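> coords please:
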Amino acid sequence: MEISLRQLKFKFPILFTSILVLLVSCHFVLAPSFVTIIAYFWPLLLSTALFLVAVLVFARASPPGTESSGDKTGEGLLDYFAGEPELQPDLDPEPELEPELAPALEQIPAEESLKSE
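Numbering: from 1, shown residues only. Predicted coordinates:
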């Protein structure tokens, strides 16, 4: 009786462990082998290796820059996007009111001017 009480105490850890063991064993039985995976992906792996070799060859073959690029990397792009905006001249200024119409417009209350529209 005492053993079954202890088993009930550890019911969930035993259940979790047994499900985990079952899943791992199914994975090893049903999953393809490593050689099968390599055989399927060999073109992708080969092209990636050739690309990395080409990058290394071009890195060694290209001449070093004339200026120190430690501080200047991407500075031009940062200035373009985060720089101070240039002030553009006002090409289309607001038209000035004719002097004889200005006093007439100032006398109309705001409520009436909205109703007329």
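> hey, where'd the helices end up in the chain?
If DSSP state H is used as the criterion, the helices of the chain fall at 2-9, 11-30, 34-61, 75-82, 102-107, 110-116.
> could I get those helices as JSON lines with mean pLDDT and mean neighbour count?
In short, each C-beta sits where N, CA and C put it, glycine included. Formatted as JSON lines, the helices of the chain follow (pLDDT from 0 to 100; neighbours: other Cβ atoms under 10 Å):
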{"stretch": "helix 2-9", "mean pLDDT": "75", "mean neighbour count": "8"}
{"stretch": "helix 11-30", "mean pLDDT": "91", "mean neighbour count": "9"}
{"stretch": "helix 34-61", "mean pLDDT": "94", "mean neighbour count": "10"}
{"stretch": "helix 75-82", "mean pLDDT": "76", "mean neighbour count": "9"}
{"stretch": "helix 102-107", "mean pLDDT": "58", "mean neighbour count": "8"}
{"stretch": "helix 110-116", "mean pLDDT": "55", "mean neighbour count": "8"}
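> what separates Leu15 from Pro63, distance-wise?
The gap separating Leu15 from Pro63 is 66 Å, by Cβ to Cβ, to the nearest Å.
> Repeat that for Ala31.
Computed as Cβ to Cβ, the Ala31 to Pro63 distance reads 49 Å.
> do the same with Phe34
Distance, Phe34 to Pro63, by Cβ to Cβ: 43 Å.
> Could you do Thr17 as well?
Using Cβ to Cβ, we find Thr17 at a distance of 62 Å from Pro63.
> Fine by me, thanks again.
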